[in-house]
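Student: any chance you could fold what I've pasted below:
(one chain, ligands or ions: 2)
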Amino acid sequence: MTLQAPKMILIDLDGTLVDSVPDLAFSVDRMMERLDMPVRGEAKVRNWVGNGVERLVKRALTNNLDGEPEPALYERALAAFTEIYRENNAKRSHLYPGVREGLEALARDDVRIGCVTNKPARFTAPLLRAMDIDRYFEVVVAGDTLPQKKPDPAPLLFAAEQFDVDPEDALMVGDSRSDVTAARAAGFAIVCVSYGYNHGGDIREQRPDAVIDSLTELPDLMARTA
Ligand SMILES: O=C(O)COP(=O)(O)O
Ligand SMILES: [Mg+2]
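Tutor: Ligands and ions are numbered 1, 2, ... in the order given. Below you'll find the predicted structure:
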């Protein structure tokens, strides 16, 4: 595990590349209205993002991070959310400052880049395209590409295999404890952004190898530890 000249960098999507909570919160609240249930608002949704849309819908229905709703209600809710979020995938979302410049700098240094997200593929590809950053990612592993999601290491190891890169030459960049846990279990280095979601907690408590305020810091960080 090293930050020095990784051969491959995998970057998380929600909370790292894109501030997607405004669209996710809008879609959750329209879903709740359709079900005649109380809206939850952006602050709560921000703490609920990161484990895929299924968990997000369950959290919204139960107003609880670990809640399990009644199955028939959950099925109706998930169908409504899917329909609404499909139309509202990139309307209010935006790239965090420094993302485009950071990706550009990595591409100039010939670093190979992939995206590993817990967001399902049907929402991931359109969002990367709408943000005009899809061309930077040679590999995209979405939340439903494999049976396992982060914090399981499988999606990271799957991407490493696609790139034919060993885990010790790989770096994960993310915003939440799932990214740290998955990277550690996969044997990757892990750098976290300070500005993401992480369920309301301070990502420094997860002890990543480094914390950055912008992706533009990545090339320097790698050169400094070389
Ligand atoms: O929870 C989600 O849907 C996506 O989260 P991630 O992009 O941070 O993995
Ligand atoms: Mg994230």
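
Student: any regions of the chain where pLDDT drops low?
Tutor: 1-2, 225-226 (pLDDT under 70).

Student: write out the residues of this protein neighbouring ligand 2.
Tutor: Applying CB under 5 Å from the ion, one finds that the chain approaches ligand 2 through D12, D14, G15, D175, S176. Every C-beta, even on glycine, is put in place using the N, C-alpha and C of the backbone.

Student: which residues touch the residue lying closest to A121 once chain neighbours are set aside?
Tutor: Nearest non-adjacent residue to A121, counting by CB to CB, 6 or more residues apart in numbering: A142, 3.8 Å away. By CB atoms under 8 Å, 6 or more residues apart in numbering, the contact set of A142 is T117, N118, K119, P120, A121, T124, A125.

Student: mind listing residues that contact the strand or helix carrying R100?
Tutor: Per DSSP states H and E: R100 is located in helix 99-108. Contacts of helix 99-108 with the rest of the structure, by CB under 8 Å, 6+ apart, involve I9, L17, V18, I113, I133, Y136, S214, L215, T216, E217, L218, P219.

Student: among those, which are located in helices?
Tutor: The helices, defined by DSSP state H, take in L218, P219 from those.

Student: just among the contacts of helix 99-108, which is most surrounded?
Tutor: L17 (29 neighbours; other CB atoms under 10 Å).

Student: and the helices in this structure?
Tutor: Under DSSP H, the chain gives helices at 21-34, 42-48, 53-62, 71-87, 99-108, 121-130, 154-163, 177-186, 218-224.
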